[in-house]
Structure formats: C-alpha cells, structure tokens
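Engineer: Provide a 3D model corresponding to the input given below.
(chains A and B)
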Amino acid sequence: MASEIVTEQQVKMKPKKKESQVVQVFRKLIKNKLAVFGLMIITLQLLMAIFAPFIVAYEPDEQILEATELPIASEGHWLGTDNYGRDMWTRLVYGARISLVVGIISVVIGLAGGITLGLLAGYYKRLDGIIMRFVDLLFAFPGILLAMLIIAMLGTSIVNVVIAISIWSIPGCARIVRGSVLSVKKQEYILAMKSLGAKDSRIIIKHILPNCAAPIIVFATMRMATTILSTSALSFLGLGAQPPSPEWGAMISAGQDYMWTSPHMTIVPGIAIMLVVFAFNVVGDGLRDALDPNMEYPE
Amino acid sequence: MTSQPPLLEIRDLKKYYPIKSSILKRTSGNVKAVENISLDVYEGETLGVVGESGCGKSTFGRTVLGLEELTEGTISFKGENIGGLSEKQLKKFKKEMQMIFQDPFASLDPRQRIGDAIEEAFIIHTNLSKREREERVRKLLTEVGLKEEYYERYPHEFSGGQRQRIGIARAIALNPTFIVCDEAVSALDVSVQAQIIKLLKKLQESHQLTYLFIAHDLGVVRHVCDRVLVMYLGAAAELAPANQLYNNPLHPYTKALLSAIPRPIPGKKKERIKLEGDLPNPSNYPSGCPFHTRCPLATAKCKNIIPEWREVEKGHFVACHEV
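Structural biologist: Next up is the predicted model:
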C-alpha cells in the first residue's frame, strides 16, 4: 500500500529544481527595470564609499588655493572645485561614505527598536496598549521636528543625528511589524507550534519574525532613502555634520552663498542626494512587488 | 471497553469567550463556545465529534489540549488533572497529546523546510543530537508514506494530501497517546481523504493511538469512529457507539442531522426532517435546552429547564426531556 502511494506522489510532484527564496525574489526584482537602475546606483554608492581613498586624487579637505571655484569639467577636477579649492569629486565620494554609514546605522538601530516593540505589541495583547500609545506619542511629532528636538537636547553632531533619526524610525517600524505579527500569529502553524509545546520566544523568533520579513525588508529599504534625505536636511540646517565635513547636505549649505557664481557647488551634491534617495525608493518598491507572492511577473 | 479506566475524563467543561464593552473593558456577556460537556475517552478508541459549523467542535478539541484556557470544569489525562495548568506544567502532557489541523496549507510554516518543521518536536522535547533528530525525521517521513528526500523541501512544493501527511508526521513525532484530528480530512478531496483515513487507521494500530476525530462529514465519521458525540451550540446532545447512533438516534437534533445524509438508494425516499429557523447566537444563549428554539418536540419544560445528560442505554447518553 505504502509503495503505491509513493509512486502516485512521484507523479504529482513536479520535477522542480530547488531554488532558495532569496534567489527567487532577486529574479523577480531584476525583471523590474527601475529597480535595476536603483540597484546600480546603490552599488555605485557602495563602491564609492568602500574604495573612496583609491578612486580620488585628493584629500576631502585638501585646499588648493590657486584653483578655487573651478567649474565642472576643469582639468584635473572633473566636477570642479569649491570656494576653498577643494575637489568636488573627492568630497562627493567621501560624502557617499558618510550618508551610507549614517543611513545604515540609523536604520539598523531604528529597526532593532521598532521590531522589538512591534513583536511584543503584536504578540502579547496586554503589552499592546502601552507600547502602541508610546508609539503614537512619537508619531505625534512631525519627524524632522522630533529629530531637531533630540539634537537640541543632545547637541549638534553627526552621532546625535544618527540617534535622532534612529528614534524617528522606531514608530513606523513598530506599527508595520505589529500589523504583520497580528496576521501571522493567527495562522494555524503558530497554533501547531503551541500544541507541540514551543516556548513563546521560540515561536516569535523562529516562526513569526521570518514570516514578517517581507514588510520589514521593504520598510528598511525605503527608510534608507528617508534617512539619507533627513541627514542631509539636518546638516543643511547646521544641526548635523559640521563643516568641513563633506556631508552632502553640509556641502549644499556651504554652496548656497555661491549659487550665482558657482552653481555646481550646490547642484552636484543635490543631484547625488536625489539619485540615491530615488534609488532606494525604487528598489524598495521593486522589493515590495518581488516579495509579494500574489504578484507574478510574466515569464 | 468500559472496564479499563478512561484515558481522558472530561467533566462539566465550559469555555466562554467574554464580550468586552468597548470603553470600560467590562465583561458584558459571554459567547458560550463549549457548554457543560462531560465525557470519557477510552484508550485506543476513535471518538467522533460532529455538529454544524460554529457549534464549538474545534474549540472543544483545543480546550481539551490546553490550547485554549478552559473557563470551568476539569480535564484529567491518565488520572492527572490538566485543566488550568500553566504552559510550563503542560509541557510534559503536550508530548502525549497532539493535534492534526484542518487546513494543510495553513498548518505548515511557509518559510521552514518540512524536515525542520517536524524536527521542532524533537528540539523542544528531547536532547537528541542534530544527526539523531534528522534520522528520526526521515524515518517519520517514510512512515507516513512520503520520501526521505522531501526533508529539504518547502511546504509550497507539496499537494494538500502530502501536506496533511507532513502534519501527521509532526503530530506523531513524539509518540503521543492522544491525537485531536480537527477536521483533518475535510479540506481534502475524496480520494485523498480515503488515503489519509487509511493512514490514520494504520498509525492507530501501530502506535496505539486514541483519536478525537472532529468532523462534519457524517459518512466519514460513521466509517472511522467507534463512538460519536453530537454537539449542538456548544453543548453535548447525544453520545453513543457509532452504529447505535446511526441506527437508533434518540435526540431530535441527531435525527434531523442524520436525515440530511444523502442516500445512494434510488426509489426509497426517506423523509427529511427540516429544522425551522436559524442557529441561535451563542452570545445570546437560549434558556433551558439549547435546541428548544428549533426543536419539533419542544414543550414548555424544554424552554425553562436544562435537560440532564443521562445514560438511557449502556453507553448511550442523551440530553433531552422527550426521550
């Protein structure tokens, strides 16, 4: 009898090559042209950040006083120089490093806080009220104001910007995670684990969290865009990175006095910010579609 | 059968879900999902539980397993009380009491390989090494009629029947004595149902399992079960050995339920008992006999007095004034 069943199942089972879910998602993602463009920009920024000293000829705060305010496409300075004679390309490359590091660190911290709160609020009904009211409280402040408030308390520095932006990422993340936990925990496989006698911690970490991964990944990617933009905004306002740091927002801020004579001082970092933010957003969009099992791309 | 002590003794089991009014969180009423059920389950038998949707069959099964906290009553398993224990105290009983779920597509974690899903049982309850655990899982897979190599695959690569086999493998992994099959075959098509039922019967013999078989398909229940409990609106209506119940139903609800089974005998038309009205809302529970609002035999007594759960013949219990 048993052998009969097995043969029948062999027929039913499609001879499908095993492919990890990561590969499947990536395959779907690269069918989206915009997302591929975004991925290319992100990769470029990543390479710039990692290999910064090797791809530029100057130091970021090296001043060449006989070559100030050179326009774009000058000899030796293809993006020109600023009012102190610093090479714009060099500063742009080092700025990529700052915004990437700040972005990653604050997103990671924000996610850690948000995921923890979201899991607890979603899983334990009695904690839900308290945690979510706290989250609502954070939500009540407009984001950039909240960040400014935190910086006003802690003082201006790039580290404090990271802290401020991390805290600002927590409520959004907590809400998204809580929502997914609420839907995942009703699934029968969670009940099955309970009937096996699994501890809450095991259920939450091994079963609930992986099944909430999709919205978290999308949130993290989108959040990178917001974080980079906010870091620059705060630096532009003089609350974040201070001159002579080659932070992009600080560069725009420094360039605004020279808008008429040397517009490239603001336009170059401005375009860099725009491209990176755009890239993270479209990749986030692409990931959301790729991670959605109901969304099928034509083969 | 009755000579040995029962494996499971359930007395006056009640499960209410409180209805909280929105602002003050005061309990303004109860949804009575399980109302006063008492019965014994004997080792090695298959006890069927039938009733219409929403009558509390599944809640009953879950409460017995401790997955839902009981409101009142006692449950003892092998003579030890297990009602109202904490998670920690329940752990040793969970090894012995398992569950097979209705929906084979929802009861497996889509992000976990099926081998790992079954292995969880051993991780939680034993100290076996990784290799020993894997070996046990592979053995279980063959035991339920799957191939060892399926260990590495994800649930979405399987058909409904195969997934149900995986669920069964997970349930029997720890060698339990008692398994609640919560509509275990309802979501499958008929030919696969037959395979799964055969597998369950085979395992019952080889592992000396006791089943609480929750279903709404009366034909399947008759085929599978030794005894059958009929539930109506959370309460027990009738309990009898399967043959006796099907041949000589006493409770008017059981009669109506059985008359709804389609008959494959042409020409011989059997009167179908049609019940009037809808199922009452369990949050607004009827007084007296829960069935009196729809019962063709209802009298004034039924409206006011809850019928006693009594044994009219040996092993044949019924809750009705008119029997």
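Engineer: and residue A:16, what's its pLDDT?
Structural biologist: On pLDDT, residue A:16 comes in at 45.
Engineer: OK, contacts around the residue of the stretch 51-200 of chain B found nearest chain A?
Structural biologist: Residue nearest to chain A within the stretch 51-200 of chain B: residue B:94 (3.6 Å; CB to the nearest CB). In short, each C-beta sits where N, CA and C put it, glycine included. Listed by CB atoms under 8 Å, 6 or more residues apart in numbering or on different chains, the contact set of residue B:94 reads A:195-197, B:65-66, B:125.
Engineer: residue A:139: helix or strand, and which one exactly?
Structural biologist: Per DSSP states H and E: residue A:139 is located in helix A:125-140.
Engineer: quick one: residue A:196 and residue B:122 touch, right?
Structural biologist: No - between residue A:196 and residue B:122 there is no contact under CB atoms under 8 Å: 9.9 Å.
Engineer: tell me the helices and strands packed up against the helix holding residue A:139.
Structural biologist: helix A:88-123, helix A:158-184 (3 or more CB pairs under 8 Å, 6 or more residues apart in numbering or on different chains; DSSP states H and E).
Engineer: and those helices as CSV, adding distance to chain B?
Structural biologist: Converted to CSV, the helices and strands packed on helix A:125-140 look like this (distance: least, CB to the nearest CB, whole Å):
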stretch, distance to chain B
helix A:88-123, 14
helix A:158-184, 10
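Engineer: Throw those into a markdown table and include distance to residue B:318 and mean pLDDT, thanks.
Structural biologist: What follows is those, written out as a markdown table (distance: least, CB to CB, whole Å; pLDDT from 0 to 100):
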| stretch | distance to residue B:318 | mean pLDDT |
| --- | --- | --- |
| helix A:88-123 | 43 | 94 |
| helix A:158-184 | 42 | 93 |
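Engineer: sorry, back to before: now do the residue of the stretch 51-200 of chain B closest to chain A against residue B:235, distance only.
Structural biologist: 28 Å (CB to CB, to the nearest Å).
Engineer: can you check residue B:129 too?
Structural biologist: Using CB to CB, residue B:129 is found at 49 Å from residue B:235.
Engineer: more neighbours, these two?
Structural biologist: Between residue B:129 and residue B:235, counted using other CB atoms under 10 Å in any protein chain shown, residue B:235 has the larger neighbour count: 24 against 10.
Engineer: kindly state the beta-bridge partners for the more buried one.
Structural biologist: Beta-bridge pairing for residue B:235 (DSSP bridges): residue B:232.
Engineer: leaving out chain neighbours, which residue sits closest to residue 136?
Structural biologist: Chain wasn't specified; assuming chain A. residue A:171 (7.7 Å; CB to CB, 6 or more residues apart in numbering or on different chains).
Engineer: right idea, wrong chain: chain B
Structural biologist: residue B:122 (6.2 Å).
Engineer: looks to me like the one you found is in a strand.
Structural biologist: No - checked against DSSP: H, G, I helix; E, B strand; the rest coil, residue B:122 lies outside a strand; its state is helix.
Engineer: so where's chain A uncertain?
Structural biologist: A:1-19, A:293-299 (pLDDT under 70).
Engineer: quickly find the element holding the residue nearest the centre of it.
Structural biologist: When CA atoms, centre = their mean is applied to chain A, the residue found nearest the centroid is residue A:224 (2.1 Å). In this assignment (DSSP H and E), residue A:224 forms part of helix A:213-236.
Engineer: mind giving me the packing neighbours of that helix?
Structural biologist: Using 3+ CB pairs under 8 Å, 6+ apart: helix A:213-236 touches helix A:88-123, helix A:143-154, helix A:158-184, helix A:248-255, helix A:264-291.
Engineer: around chain A, which positions in the stretch 1-150 of chain B sit nearby?
Structural biologist: B:62, B:65, B:67, B:87, B:90-91, B:94-95, B:97-99, B:101-103, B:106-112, B:117, B:120-121, B:124-125, B:145-147 (CB under 8 Å from any CB of the partner chain).
Engineer: of those residues, buried ones?
Structural biologist: B:62, B:65, B:67, B:90-91, B:94-95, B:97-99, B:101-103, B:106-109, B:111-112, B:117, B:120-121, B:124-125, B:145-146 (16 or more other CB atoms under 10 Å in any protein chain shown).
Engineer: from those residues, which land in helices?
Structural biologist: Secondary structure from DSSP state H places B:62, B:65, B:90-91, B:94, B:117, B:120-121, B:124-125 of those in helices.
Engineer: now the two most distant members of these.
Structural biologist: Greatest spatial distance among those (CB to CB): B:90 and B:117, at 21.1 Å.
Engineer: any idea how far residue B:98 is from the residue of chain A found nearest chain B?
Structural biologist: Using CB to the nearest CB, the single residue of chain A nearest to chain B is residue A:197, 3.6 Å away. Per CB to CB, residue A:197 is found 10 Å from residue B:98.
Engineer: residue B:287 now?
Structural biologist: Residue B:287 is 38 Å from residue B:98, by CB to CB.
Engineer: before we move on, what about residue A:270?
Structural biologist: 63 Å.
Engineer: do residue A:146 as well
Structural biologist: According to CB to CB, residue A:146 stands 50 Å off from residue B:98.
Engineer: residue A:179 reaches residue A:119, doesn't it?
Structural biologist: No - the pair residue A:179 / residue A:119 is not scored as a contact, 11.6 Å apart, by CB under 8 Å.
Engineer: and residue B:179, which helix or strand is it part of?
Structural biologist: strand B:178-182.
Engineer: close to chain A, is that strand?
Structural biologist: No - judged by CB under 8 Å from any CB, strand B:178-182 makes no contact with chain A; its nearest approach is 8.5 Å.
Engineer: other residues contacting that strand?
Structural biologist: B:7-8, B:41, B:57-58, B:61-62, B:64-65, B:77, B:96-102, B:171-172, B:200, B:209-215.
Engineer: rerun that using 6 Å as the cut-off
Structural biologist: Residues from elsewhere that reach strand B:178-182, judged by CB atoms under 6 Å, 6 or more residues apart in numbering or on different chains: B:58, B:61, B:65, B:97-102, B:171, B:209-214.
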